[in-house]
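> Next one to model:
(2 chains)
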Number of protein chains: 2
Amino acid sequence: DLYSETSDTATVLAQADEVELALLLESLPIQERIILWQTIPDHKKLDVLIEMRSDPRAVLVSATEPEQWDVLFTDIDAEDLLELADSLPQELFERAYTALDRLQKQYYTEADQYPEEQIGHWISHDYLVLPINAKVRDGLRLIRREMPRHTDVIFLINRSGHFSEAVPIAKLHVLPEHLHLTDVSLDDFPIISAVEEGQLVAKEVLLSGFGALPVVDENEKLIGRIDVTTAAELMQEYYEGQIMASAGMDEDEDLFSPVRKSAKGRAIWLGINLLTAFVASAFIGMFEATIQQVVALAVLMPVVASMGGIAGSQTLTLIIRGLALKQVTSANVGALLSKEFKVGGLNGVIWAVVIGVVALLWFNDPLLGLVIGIAIFLNIIAAALAGVFVPVILDKYKIDPALSGSVILTTVTDIVGFVAFLGLGTVFLL
Amino acid sequence: DLYSETSDTATVLAQADEVELALLLESLPIQERIILWQTIPDHKKLDVLIEMRSDPRAVLVSATEPEQWDVLFTDIDAEDLLELADSLPQELFERAYTALDRLQKQYYTEADQYPEEQIGHWISHDYLVLPINAKVRDGLRLIRREMPRHTDVIFLINRSGHFSEAVPIAKLHVLPEHLHLTDVSLDDFPIISAVEEGQLVAKEVLLSGFGALPVVDENEKLIGRIDVTTAAELMQEYYEGQIMASAGMDEDEDLFSPVRKSAKGRAIWLGINLLTAFVASAFIGMFEATIQQVVALAVLMPVVASMGGIAGSQTLTLIIRGLALKQVTSANVGALLSKEFKVGGLNGVIWAVVIGVVALLWFNDPLLGLVIGIAIFLNIIAAALAGVFVPVILDKYKIDPALSGSVILTTVTDIVGFVAFLGLGTVFLL
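Numbering: from 1, shown residues only, chains lettered A, B, ... in the order given. Now for the predicted structure:
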């Protein structure tokens, strides 16, 4: 419980690493956050900023005096700046960029060619590399000089800088020094292309069994690596992004963002959902005369809408996960549709009967029971179909189904549910 | 795109690793999954099963002939069995357990003392360890003999087996052989307690910068380690679990689970939500007479319910994330409540006006506009408060708010919304 310790700020600051400090700062209301920020030693500040989400970070960037930045930027490198760039005003960005040495400037430019969705944006350069004709003794000399974290292999490159092979460092200790490294290199070492999707690469790196994998550009040239720590951060951001998107929010959302900013951000999502609610209302409005005569229909409307929405969101959630893992493809979508249709049919029948009987007993009206039963059945079927089609189509057009899928689905199930229920009511109950 | 390659099954099988095969098998309908399973070489089968989610895995466990298992269990170890245990019928579990050697049986029993939520359940034992008085030359001898993956330090233990220190392997190459390892050990190396929560430990391991962290029991005895690959799997399972829970499903859900099983699993969630929908209906039913006279109320009901539900789910999602990261605590929950109340108040006013005006224009009734405006305002405020209180209270009672939070929240916003809207309608519009 980081927060409760802030009474003893000095202790926290002395012991906490940058990850803990970032979490703590994010959990504080704005005023207290700024106060704590000012007590953090300058040499830790940049690392803490880098670990923070961009919204809560922006508060601290604004609260930092202009003259302080030169100190904070003393040791900044390309990776740091790539992480911070979006949070810095133009003037500060330029000061940070100027503080990079020539090599780091080149790294920055190279990585910045790739958009944030591609793994090339997130590469680091602290790997061990040797020419392809190097020997075991060269490898031993290299690891005695430096040993970056998460480094279990040496990358071998050819004269054009193309990635060629990877040699496990563990083998260097047990082999004759004159042996060529290519003789002990690993078969089929995984290589990442810089344009690959970040979250898929993250998973590959984390499950590879290696501390980091090499990243190559479109010409097979080795341009960097992704280590397990970067991969874990990308994976966490991806999943948090998915979860926040389901409520129309951003992964970077600040627990204590200023009221106006927060309200504005959420207002957009409320507005979009309001439109779909008005669409549902418009469809209900077509049956005003029916409702006036059979008020039980109005009473039971939430049941029809809820069952469709819930059934649809189950299929939707399953399909979105499958799409993200590339497990739902054009090859199996037909089989999935058929299975979800059957599941929907079975649950449709069961709940049609249950709800029909409840409605019959509640309002003592067998025809009302029949009407709601049929409406529930139709709506659960529609929900199953929409739960498959909506995310698959959105994904095809590169729209994130985690964000917009549920709005569209709910619109479908609301319309189908209300029209079926009130339409059948008009036919059978008037 | 793994699936589309199945036409050339032989190629896939020859090149794919166990992770790819597991993903591919999960993506296949049951019949095709079993056919592919039977073509996978026996020596790969256990590793593939281990990588699969438990529901799709169960299909393959059932489809494997009893006499095959002895071959599959040839090289099984404690970690494998801990992963598989839930999927194996009792008889198979016993055969697997029997196949373990004495040490592995001991490992199994030790880890199985800890429930799946605790990190002690997921430890592995392939670490490098030396007594606390060992020297650099002992370290060098050890790493020449074996080098488990993700191993960048040697653990030092005292005579009682308590974890003492960690020594970076990289330093061994540059130090005199007679030096004591304790002289070059790392300060403040992180230690994990076996009873800690899996997903929090996973994050700590992944961000630690080390390939694995030591796990100790309640007596500080070193009992295993968690490496970054295990941590990544735990993190992925945690997030997938959160996402699936939001739709009342399990992380292990099979894309192609048999229709009956799938329908049954989802029926429970549909039933729970049905109860809350009936509660909402019951409240609407209290106002039947009002609705009969002012049908516009029935038409606009989905708008009131939707705005409350959406606003509430935004606060809920933010708070659930904060709770999971331990960023929402008793110390800042008051400040959060106040901020969410203000955000709700601001959005409440804005949308009350917008929706009030639309209702006025649509039904040409200023009083109706006033009534829905007030109801929207009250419901968005209630949603903000419930969005904070519901997950905080559930979390306090160790109930996962990702699963039940949205049902309870929707019940609150439905009741508040309908009662406010129809109640005010009864007062002002009759």
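> Outline the domain layout of chain A.
As recorded under automatic domain parsing, the domains making up chain A are A:3-112, A:129-245, A:259-429.
> ranking those by burial, who's on top?
Counting by mean count of other Cβ atoms under 10 Å in any protein chain shown, domain A:259-429 has the highest mean neighbour count of the domains of chain A, with a mean of 21. Glycine gets a C-beta too; all of them are placed from N, C-alpha and C.
> circling back: out of the domains of chain A, nearest to B:Pro168?
domain A:129-245 (7.9 Å; Cβ to Cβ).
> Now do the closest one, average pLDDT.
The predicted model assigns domain A:129-245 a mean pLDDT of 94.
> quick check, that domain touching chain B?
Yes - applying Cβ under 8 Å from any Cβ of the partner chain, one finds domain A:129-245 touching chain B at A:140, A:143-144, A:147, A:149-150, A:152, A:168, A:170, A:173-174, A:203, A:206-207, A:209-211, A:228-229, A:231-233, A:235-236, A:239-240, A:242-244.
> Sticking with the nearest residue to A:Leu49 once chain neighbours are set aside, tell me its helix or strand.
Closest residue to A:Leu49 apart from its sequence neighbours, by Cβ to Cβ, 6 or more residues apart in numbering or on different chains: A:Arg57 at 5.6 Å. Assigned by DSSP states H and E, A:Arg57 belongs to helix A:54-63.
> Over to stretch A:77-88 now: how far is its first residue from its last?
This stretch, stretch A:77-88, spans 15 Å end to end (Cα to Cα, to the nearest Å).
> got the contact list for it?
A:46, A:49-50, A:54, A:57-58, A:61, A:93, A:96-97, A:100, A:104-105, A:107-108, A:111-112, A:121-122, A:124-125 (Cβ atoms under 8 Å, 6 or more residues apart in numbering or on different chains).
> which residues sit in contact with the nearest residue to A:Ala22 once chain neighbours are set aside?
Leaving aside its sequence neighbours, A:Ala22 sits nearest to A:Glu51 (Cβ to Cβ, 6+ apart; 3.6 Å). Residues near A:Glu51 by Cβ under 8 Å, 6+ apart: A:18-19, A:21-22.
> ok, now how distant is A:Ala166 from chain B?
Distance of A:Ala166 to chain B, computed by Cβ to the nearest Cβ, to the nearest Å: 14 Å.
> Can you classify that residue by secondary structure?
strand (DSSP: H, G, I helix; E, B strand; the rest coil).
> can you list the weak-confidence ranges in chain A?
A:1-12 (pLDDT under 70).
> ok, which stretches of it are strands?
A:129-131, A:153-157, A:163-168, A:192-193, A:212-216, A:222-227 (DSSP state E).
> Could you export these as JSON lines, including distance to B:Ala14?
As requested, the strands of chain A are arranged in JSON lines below (distance: least, Cβ to Cβ, whole Å):
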{"stretch": "strand A:129-131", "distance to B:Ala14": "30"}
{"stretch": "strand A:153-157", "distance to B:Ala14": "24"}
{"stretch": "strand A:163-168", "distance to B:Ala14": "21"}
{"stretch": "strand A:192-193", "distance to B:Ala14": "22"}
{"stretch": "strand A:212-216", "distance to B:Ala14": "22"}
{"stretch": "strand A:222-227", "distance to B:Ala14": "27"}
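> just so I know, which of these lies nearest A:Ile415?
strand A:192-193 (43.4 Å).
> Can you tell me what sits against the closest one?
A:119, A:201, A:204-205, A:213-218, A:226.
> 10 Å - rerun?
By Cβ atoms under 10 Å, 6 or more residues apart in numbering or on different chains, the surrounding residues in contact with strand A:192-193 are A:118-120, A:123, A:163, A:200-201, A:204-205, A:208, A:212-218, A:220, A:224-226.
> chain center to that strand: distance?
How far strand A:192-193 lies from its chain's middle: 20 Å, per Cα atoms, centre = their mean, to the nearest Å.
> so what strands line up beside it?
strand A:212-216 (parallel) (DSSP bridges).
> show me where the stretch 301-430 of chain A has helices.
In the stretch 301-430 of chain A, the helices defined using DSSP state H, counting those that start in this stretch lie at A:333-363, A:366-396, A:401-429.
> if we can go back for a sec, was I right to think the residue nearest to A:Leu49 contacts A:Lys45?
No - the criterion here is Cβ atoms under 10 Å, and A:Arg57 misses it with A:Lys45 at 11.1 Å.
> so which of the strands of chain A gets nearest B:Phe256?
It's strand A:192-193; of those, that one is closest to B:Phe256 (Cβ to Cβ) at 30.4 Å.
> quick one on the thing from earlier: residue contacts, the residue nearest to A:Leu49?
A:Arg57 neighbours (Cβ under 10 Å, 6+ apart): A:22, A:25-26, A:48-51, A:83-84, A:86-88, A:252, A:254.
> Next step: the residues you listed restricted to helices.
A:22, A:25-26, A:48-51, A:83-84 (DSSP state H).
> Between these, which sits nearest chain B?
Nearest to chain B, judged by Cβ to the nearest Cβ, of these is A:Glu26 at 6.0 Å.
> That closest one reaches B:Leu325, doesn't it?
Yes - counting by Cβ under 10 Å, B:Leu325 is a contact partner of A:Glu26 at 8.3 Å.
> shared neighbours of these two, anything?
A:Leu255.
> Quickly note the distance from the nearest residue to A:Leu172 once chain neighbours are set aside to chain B.
Leaving aside its sequence neighbours, A:Leu172 sits nearest to A:Gly139 (Cβ to Cβ, 6+ apart; 4.7 Å). Counting by Cβ to the nearest Cβ, the gap from A:Gly139 to chain B is 11 Å.
> And A:Ile381, by the same measure?
13 Å.
> ok so, going back, CSV for the ones in helices among the contacts of A:Arg57, including distance to A:Ile319?
Output for those, formatted as CSV (distance: Cβ to Cβ, whole Å):
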residue, distance to A:Ile319
A:Ala22, 34
A:Leu25, 38
A:Glu26, 32
A:Val48, 39
A:Leu49, 38
A:Ile50, 35
A:Glu51, 34
A:Glu83, 33
A:Leu84, 36
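> Can you report phi and psi for A:Gly161?
phi 80, psi 10 (degrees, to the nearest 10).
> That one against A:Gly224, yeah?
No - the pair A:Gly161 / A:Gly224 is not scored as a contact, 11.9 Å apart, by Cβ under 10 Å.
> tell me, what's touching those two both at once?
A:216-217.
> Run through the residues that contact the residue positioned nearest the centre of chain A.
Centroid-nearest residue in chain A, with Cα atoms, centre = their mean: A:Tyr238, separated by 2.1 Å. Neighbouring residues of A:Tyr238 by Cβ under 10 Å, 6+ apart: A:197-200, A:202-203, A:251, A:324, B:239.
> same thing but 8 Å
A:Tyr238 neighbours (Cβ under 8 Å, 6+ apart): A:198-199, A:202.
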